[in-house]
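In: Build the 3D model from these lines:
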Amino acid sequence: MIQLTQIDPRKLIILDRDGVINEDSDAYVKSLDEWIPIPGSIEAIADLSKAGYILCVATNQSGLARNYFDESTLHAMHEKLTDLVSEKGGVIHTIEYCPHGPDDQCGCRKPLPGMFKKIANLFGLSDLSGSYTVGDSARDLVAGGELNSQPILVKTGKGLKTIAAETYPTGTLIFDDLSAFAEHLRLKA
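Out: Next up, the predicted model:
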């Protein structure tokens, strides 16, 4: 793996995909046509990128292990995502995904921190202190929290269920959606 220049972790944002960037589905997002951005999410990513933030995606994609779609379909979805962000003037630096099912005993499937460790290593960081992990479920936030990333819960996707179940980590900040979080960072700057 090529290591990028070490960055200020306060400028690193790790996003879950389904339910944060695009609409989620209990039946899985299985095709390019089913990959539908949540209103404002693409613009939020581009705005954060233009403001100097490093945007990465860490996503469980067990639909691969379940044979609901193949890697070429997944890559097409990710290409659509990166193209849409690029059209708005932003960049997604890396997309990490776990292709395993829940019983595969891998180290990358959230809530395990494998994808987050890869992202930290990519930027020469020993942990993710100061960074942000944005998700709609507790497992997203727990995975980032393993490396000391600030948990951010959005109410889109499974976010309202996560709030109702009160399963998110202590210290989690809650926002309506990715756009609201981006606005929070803009005002904080």
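In: residues contacting residue 88?
Out: Neighbour list for residue 88: 42, 43, 45, 46, 47 [criterion: Cβ atoms under 8 Å, 6 or more residues apart in numbering]. The way it works is simple: take the backbone N, C-alpha and C, and place the C-beta from them, glycine included.
In: and the strand ranked longest in the chain, average pLDDT?
Out: Taking DSSP state E as the criterion, the chain has its longest strand at strand 54-60. Across strand 54-60, the average pLDDT comes to 98.
In: ok, residues contacting that strand?
Out: 7, 11-18, 21, 45, 48-49, 78, 81, 85, 90-98, 109-110, 115-116, 119, 123, 133, 139-140, 143-144.
In: cutoff 6 Å now
Out: For strand 54-60, contacts defined as Cβ atoms under 6 Å, 6 or more residues apart in numbering pick out 7, 11-15, 17, 45, 49, 92-98, 109-110, 115, 119.
In: Give the next helix or strand downstream of the helix or strand hosting residue 14.
Out: Residue 14 belongs to strand 12-15 when assigned by DSSP states H and E. With elements assigned by DSSP H and E, the helix or strand that comes after strand 12-15 is helix 41-50.
In: quick one: that following helix to chain centroid distance?
Out: When distances are taken as Cα atoms, centre = their mean, to the nearest Å, helix 41-50 is centred 13 Å away from the chain's centroid.
In: And it, what does it pack against?
Out: helix 71-87, helix 178-188 (3 or more Cβ pairs under 6 Å, 6 or more residues apart in numbering; DSSP states H and E).
In: The first one versus helix 41-50: what angle between them?
Out: In this case it means helix 71-87. If you take axes from the mean of the first three to the mean of the last three Cα atoms, to 10 degrees, helix 71-87 sits at 60 degrees to helix 41-50.
In: In the sheet, which strands lie alongside the next helix or strand after helix 71-87, parallel or antiparallel?
Out: Where DSSP H and E defines the elements, the next helix or strand beyond helix 71-87 is strand 94-98. Sheet pairing of strand 94-98 (DSSP bridges) gives strand 54-60 (parallel).
In: buried ones in the partner strand?
Out: When burial is assessed from 16 or more other Cβ atoms under 10 Å, strand 54-60 yields the following buried residues: 54, 55, 56, 57, 58, 59, 60.
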